[in-house]
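**Student:** pasted the sequence and its predicted model underneath.
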Amino acid sequence: CSVILSAMGSGRTIDLEESESIGVVYKISTEGIIFVFTPGYFPDPYIDQRLTPPENRYALGDFVALQTGEGSAVRSHKKTEPVLRVEVDGDRILVETQISFFPSTGQYGMCVEALTGNAAWSPDFNIVLCEADVISQPRRNHMYTAWVQR
(Lines give C-alpha, C1' and ligand atoms only; values in the text may rest on other atoms or scores of the structure.)
Protein backbone atom coordinates (compact mmCIF):
# COMPACT_ATOMS: atom_id res chain seq x y z
CA CYS A 1 0.00 0.00 0.00
CA SER A 2 1.14 3.53 -0.63
CA VAL A 3 0.34 5.80 2.26
CA ILE A 4 -0.74 9.35 1.47
CA LEU A 5 -1.63 11.73 4.26
CA SER A 6 -5.06 13.23 3.68
CA ALA A 7 -8.17 14.11 5.60
CA MET A 8 -10.71 11.33 5.97
CA GLY A 9 -13.91 11.73 3.97
CA SER A 10 -17.43 11.34 5.24
CA GLY A 11 -18.82 7.89 6.05
CA ARG A 12 -20.35 5.67 3.37
CA THR A 13 -23.75 4.08 3.54
CA ILE A 14 -25.43 1.73 1.12
CA ASP A 15 -28.83 0.05 1.10
CA LEU A 16 -28.41 -3.73 1.33
CA GLU A 17 -30.58 -6.65 2.20
CA GLU A 18 -29.59 -8.16 5.55
CA SER A 19 -27.94 -11.20 3.93
CA GLU A 20 -26.13 -9.22 1.19
CA SER A 21 -22.50 -8.21 1.12
CA ILE A 22 -20.60 -5.90 -1.18
CA GLY A 23 -17.42 -6.91 -2.92
CA VAL A 24 -15.17 -5.74 -5.73
CA VAL A 25 -14.25 -7.79 -8.82
CA TYR A 26 -10.47 -8.27 -8.66
CA LYS A 27 -9.80 -11.23 -10.97
CA ILE A 28 -11.40 -12.69 -14.09
CA SER A 29 -10.25 -16.10 -15.28
CA THR A 30 -9.87 -16.91 -18.97
CA GLU A 31 -12.83 -19.29 -18.56
CA GLY A 32 -15.18 -16.48 -17.43
CA ILE A 33 -15.13 -17.06 -13.67
CA ILE A 34 -14.92 -13.81 -11.72
CA PHE A 35 -13.56 -13.55 -8.20
CA VAL A 36 -15.00 -10.95 -5.84
CA PHE A 37 -13.04 -9.69 -2.84
CA THR A 38 -15.59 -9.46 -0.05
CA PRO A 39 -14.41 -8.65 3.49
CA GLY A 40 -15.06 -11.53 5.87
CA TYR A 41 -15.19 -14.24 3.19
CA PHE A 42 -12.48 -16.84 2.60
CA PRO A 43 -12.04 -18.17 0.06
CA ASP A 44 -13.26 -15.29 -2.08
CA PRO A 45 -16.74 -15.68 -3.59
CA TYR A 46 -16.90 -16.36 -7.32
CA ILE A 47 -19.47 -15.91 -10.08
CA ASP A 48 -19.62 -18.14 -13.17
CA GLN A 49 -20.22 -15.87 -16.18
CA ARG A 50 -19.50 -18.41 -18.91
CA LEU A 51 -23.12 -18.36 -20.10
CA THR A 52 -23.53 -14.59 -19.70
CA PRO A 53 -23.34 -12.49 -22.89
CA PRO A 54 -20.06 -10.51 -22.97
CA GLU A 55 -21.86 -7.14 -22.85
CA ASN A 56 -23.52 -8.13 -19.53
CA ARG A 57 -20.39 -9.41 -17.77
CA TYR A 58 -18.68 -7.72 -14.86
CA ALA A 59 -15.35 -5.96 -15.39
CA LEU A 60 -12.33 -5.57 -13.11
CA GLY A 61 -13.10 -3.00 -10.42
CA ASP A 62 -16.89 -3.38 -10.57
CA PHE A 63 -18.69 -3.45 -7.23
CA VAL A 64 -21.15 -6.29 -6.71
CA ALA A 65 -23.89 -6.75 -4.11
CA LEU A 66 -24.06 -10.49 -3.54
CA GLN A 67 -25.41 -13.38 -1.51
CA THR A 68 -23.30 -16.51 -1.24
CA GLY A 69 -24.54 -20.06 -1.45
CA GLU A 70 -22.77 -23.40 -0.94
CA GLY A 71 -19.05 -22.98 -0.51
CA SER A 72 -17.86 -19.84 -2.23
CA ALA A 73 -20.36 -19.82 -5.10
CA VAL A 74 -22.51 -16.70 -5.36
CA ARG A 75 -26.21 -17.49 -5.63
CA SER A 76 -27.48 -13.99 -6.41
CA HIS A 77 -25.66 -10.84 -7.45
CA LYS A 78 -26.14 -7.42 -9.00
CA LYS A 79 -23.89 -4.56 -9.94
CA THR A 80 -23.92 -1.74 -7.40
CA GLU A 81 -22.53 1.76 -7.08
CA PRO A 82 -18.88 1.95 -6.02
CA VAL A 83 -18.33 2.41 -2.29
CA LEU A 84 -14.58 3.02 -2.64
CA ARG A 85 -12.49 4.69 -5.33
CA VAL A 86 -10.97 2.09 -7.68
CA GLU A 87 -8.40 2.32 -10.45
CA VAL A 88 -7.71 -0.54 -12.86
CA ASP A 89 -4.09 -0.94 -13.96
CA GLY A 90 -3.84 -3.78 -16.47
CA ASP A 91 -4.82 -6.97 -14.66
CA ARG A 92 -4.71 -5.52 -11.14
CA ILE A 93 -6.93 -3.15 -9.24
CA LEU A 94 -6.03 -0.42 -6.78
CA VAL A 95 -8.60 0.48 -4.14
CA GLU A 96 -8.44 3.66 -2.08
CA THR A 97 -9.22 3.02 1.57
CA GLN A 98 -8.42 4.21 5.07
CA ILE A 99 -5.71 2.49 7.12
CA SER A 100 -4.16 2.86 10.55
CA PHE A 101 -0.79 1.56 11.70
CA PHE A 102 -0.92 -0.55 14.83
CA PRO A 103 0.04 0.81 18.24
CA SER A 104 3.16 -0.67 19.82
CA THR A 105 1.00 -2.15 22.59
CA GLY A 106 -2.07 -4.35 22.40
CA GLN A 107 -3.02 -7.46 20.46
CA TYR A 108 -0.58 -6.88 17.58
CA GLY A 109 1.99 -4.92 19.55
CA MET A 110 4.77 -7.51 19.31
CA CYS A 111 4.07 -8.53 15.70
CA VAL A 112 7.25 -7.86 13.70
CA GLU A 113 5.31 -6.48 10.72
CA ALA A 114 3.39 -4.09 12.98
CA LEU A 115 6.53 -2.89 14.74
CA THR A 116 8.35 -2.22 11.45
CA GLY A 117 5.38 -0.41 9.92
CA ASN A 118 4.78 -3.09 7.26
CA ALA A 119 1.31 -4.02 8.48
CA ALA A 120 -1.73 -1.82 8.90
CA TRP A 121 -5.42 -2.25 9.67
CA SER A 122 -8.20 -1.16 7.33
CA PRO A 123 -11.94 -1.10 8.08
CA ASP A 124 -12.50 -2.28 4.49
CA PHE A 125 -9.74 -4.91 4.16
CA ASN A 126 -8.82 -5.89 7.75
CA ILE A 127 -5.04 -6.56 7.78
CA VAL A 128 -3.04 -4.88 4.99
CA LEU A 129 0.61 -5.76 4.37
CA CYS A 130 2.62 -2.85 2.99
CA GLU A 131 5.60 -3.00 0.68
CA ALA A 132 8.56 -0.70 1.09
CA ASP A 133 6.94 2.13 -0.89
CA VAL A 134 5.34 3.89 2.07
CA ILE A 135 5.86 7.50 0.98
CA SER A 136 5.57 9.17 4.36
CA GLN A 137 6.67 8.25 7.85
CA PRO A 138 3.47 6.82 9.35
CA ARG A 139 2.48 7.52 12.93
CA ARG A 140 0.71 4.89 14.98
CA ASN A 141 -2.98 5.41 15.88
CA HIS A 142 -3.54 7.85 12.99
CA MET A 143 -5.80 7.19 9.99
CA TYR A 144 -4.28 7.56 6.53
CA THR A 145 -5.57 7.22 3.00
CA ALA A 146 -3.91 4.35 1.15
CA TRP A 147 -4.11 2.64 -2.23
CA VAL A 148 -4.39 -1.11 -1.69
CA GLN A 149 -3.54 -3.48 -4.52
CA ARG A 150 -5.74 -6.53 -4.83
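**Tutor:** Here it is on my side, so go on.

**Student:** can you list the domain ranges for the protein.
**Tutor:** The record's domain split for the chain, according to automatic domain parsing, is 2-7+91-149, 21-83.

**Student:** residue nearest the centroid of the protein?
**Tutor:** A centroid search over the chain (C-alpha atoms, centre = their mean) returns residue 125, at 5.0 Å, as the residue closest to the centre.

**Student:** now that residue: how far from residue 20?
**Tutor:** Using C-beta to C-beta, to the nearest Å, residue 125 is found at 19 Å from residue 20. For every residue, glycine as well, the C-beta is placed using N, CA and C.

**Student:** with residue 140 instead?
**Tutor:** Distance, residue 140 to residue 20, using C-beta to C-beta: 35 Å.

**Student:** check residue 80 too.
**Tutor:** As for residue 80, its distance to residue 20 is 9 Å (criterion: C-beta to C-beta).

**Student:** okay, and the common contacts of these two?
**Tutor:** Between them, residue 80 and residue 20 have residue 65 as joint contacts when contacts are counted by C-beta atoms under 8 Å, 6 or more residues apart in numbering.

**Student:** so where's this protein uncertain?
**Tutor:** Along the chain, segments meeting pLDDT under 70 span 1-18, 103-117, 131-138.

**Student:** change it to 90
**Tutor:** Judged by pLDDT under 90, the chain has its weakly predicted residues at 1-23, 37-44, 54, 67-75, 83-84, 89-150.

**Student:** residue ranges of the strands in it, please?
**Tutor:** In the chain, the strands defined using DSSP state E lie at 2-4, 21-28, 33-37, 46-48, 63-68, 74-80, 86-89, 92-101, 119-122, 126-129, 143-149.
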